[in-house]
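J.: This is a predicted model, with the sequence first.
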Amino acid sequence: MTSIKKLKPVTHVIFDLDGLILDTETIYTDVANLVLGRYGKSLDLETKLRMMGSRGLDMAKRLVELYQLPLTPDGYYEEVKKEYQTRMPNCQLLPGAVKLIKHLHSYKIPIAIATSSSDLTYELKTRKHQELLSNFHHVVCGGSDPEVKHGKPAPDIFLVCASRFEDKPKPGDCLVFEDAPNGIESALAAGMQTIMVPSVETPKEIREKAHVVIDSLDQAPLELFGLPAMEKCSCKSR
């Protein structure tokens with residue numbers, strides 16, 4: 001396996017949540033289309049990709065402006081949050097998540113979550129998955145955490161997340177797993193290496209920004225970053 005980007009050993013691993021560990025992106029898309037549909041609008045692919053990984057209110061501001069909705073950003077956000085109440089608690093784990101998380105935890109690799117969700121939305125979507133999520137050292141909810149001043153693609157959330165490990169690793173010692181273009185940009189801006197698990201809709205030029213691209217989390221080539229290897233994987237390196 002080859003890479004045109006030089007890969008360095010890491011000591012800590014940070015995960016995004018939506019569309020990576022939990023299958024929530026379809027819920028976000030369906031809810032956005034439901035609310036937009038009330039005003040004769042629908043979410044196009046380019047906008048969807050640009051919104052992925054954004055904080056809730058940041059996304060609301062952009063959509064209200066882009067689609068010229070007769071709502072305030074707060075009003076739009078309240079409408080989608082009502083839908084989340086019934087849909088998010090039923091979200092499922094994505095392929096490979098359990099295997100990778102338990103593997104890293106078994107080797108005592110410090111792991112954490114950096115999600116753009118608010119505390120409330122995080123609680124909704126994770127209530128059925130507490131056993132798995134107990135393997136993480138900590139969780140940063142960028143949608144409500146006062147230390148996260150700017151959402152993805154700014155580096156704030158990953159820098160805050162790294163600072164909350166007990167030994168406070170340098171950004172270069174952290175590996176980030178992401179599915180969203182905004183998340184990859186955020187992690188790179190923070191000075192971290194990245195593994196991307198993109199949706200099938202993600203264009204090639206966006207995928208190429210990540211250090212490594214894989215189809216599912218259980219394909220992660222951890223050994224390339226100095227971490228204990230899982231089973232042999234088949235993946236594309238950038």
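T.: Perfect, I can see it now. Note that the structure is a prediction, hence the values are computed from the model and not measured.
J.: State the helix or strand in which the nearest residue to residue 43 once chain neighbours are set aside lies.
T.: What sits nearest to residue 43 in space, not counting adjacent residues and going by Cβ to Cβ, 6 or more residues apart in numbering, is residue 32, at 4.9 Å. Where C-beta positions appear, they are placed from N, C-alpha and C, glycine not excepted. Under DSSP states H and E, the secondary-structure element containing residue 32 is helix 25-37.
J.: what sits against the nearest residue to residue 25 once chain neighbours are set aside?
T.: Setting aside the residues directly before and after it, residue 25 is nearest to residue 19 in space (Cβ to Cβ, 6+ apart), at 4.0 Å. The contact partners of residue 19, by Cβ atoms under 8 Å, 6 or more residues apart in numbering, come to 25, 52, 94, 179, 180, 199.
J.: Out of those, which sit inside strands?
T.: Of the positions in the contacts of residue 19, not one sits in strands, assigned by DSSP state E.
J.: Buried among those? Need that as a selection in ChimeraX.
T.: Selection command for ChimeraX covering only the buried members of the contacts of residue 19, criterion 16 or more other Cβ atoms under 10 Å:
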select :25,52,94,179,180
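J.: of all the contacts of residue 19, which two lie farthest apart?
T.: Spatially, the most separated pair among the contacts of residue 19 is 52 and 94, at 14.3 Å (Cβ to Cβ).
J.: doesn't residue 39 make contact with the residue nearest to residue 43?
T.: No - with contact taken as Cβ atoms under 8 Å, residue 32 and residue 39 are classed as non-touching, separated by 11.6 Å.
J.: Have a look at those two and say which one is more surrounded.
T.: Neighbours around residue 32 and residue 39, counted as other Cβ atoms under 10 Å, are more numerous at residue 32. The numbers are 22 against 13.
J.: what's the neighbour count on residue 69?
T.: A total of 20 residues lie near residue 69 under the criterion other Cβ under 10 Å.
J.: secondary structure class for it?
T.: On the three-state scheme (DSSP: H, G, I helix; E, B strand; the rest coil), residue 69 is labelled coil.
J.: Please tell me how far the closest residue to it other than its chain neighbours sits from residue 187.
T.: In this structure, residue 69 finds its nearest non-sequential neighbour in residue 39, 5.4 Å apart by Cβ to Cβ, 6+ apart. Between residue 39 and residue 187 the distance, using Cβ to Cβ, to the nearest Å, works out to 34 Å.
J.: Quick one: residues in contact with stretch 57-71.
T.: 32, 36, 39, 41, 47, 50-51, 54, 72-74, 76-77, 79-80, 143, 151.
J.: one more time with 6 Å
T.: Contacts with stretch 57-71, where a contact means Cβ atoms under 6 Å, 6 or more residues apart in numbering, come from 39, 41, 51, 73, 76, 77, 151.
J.: Buried residues of that stretch, list them for me.
T.: Buried positions in stretch 57-71, judged by neighbour count with 16+ other Cβ under 10 Å: 57, 58, 59, 60, 61, 63, 64, 67, 69, 71.
J.: Looking at those, which one is closest to residue 214?
T.: residue 59 (26.2 Å).
J.: what number of residues lie near residue 77?
T.: Number of residues near residue 77 (other Cβ under 10 Å) recorded here: 22.
J.: With residue 127 instead?
T.: For residue 127, the tally of surrounding residues (other Cβ under 10 Å) stands at 12.
J.: cool, residue 9 as well?
T.: Counted with other Cβ under 10 Å, residue 9 comes out at 12.
J.: again with residue 106
T.: Neighbouring residues of residue 106 were enumerated by other Cβ under 10 Å; the total is 10.
J.: Show me the domain layout of this protein.
T.: In the assignment given by automatic domain parsing, the structural domains of the chain cover 12-23+91-237, 25-88.
J.: any chance of those domains in TSV, plus mean pLDDT and distance to residue 6?
T.: Putting these into TSV (pLDDT from 0 to 100; distance: least, Cβ to Cβ, whole Å) gives the following:
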stretch	mean pLDDT	distance to residue 6
domain 12-23+91-237	93	9
domain 25-88	86	26
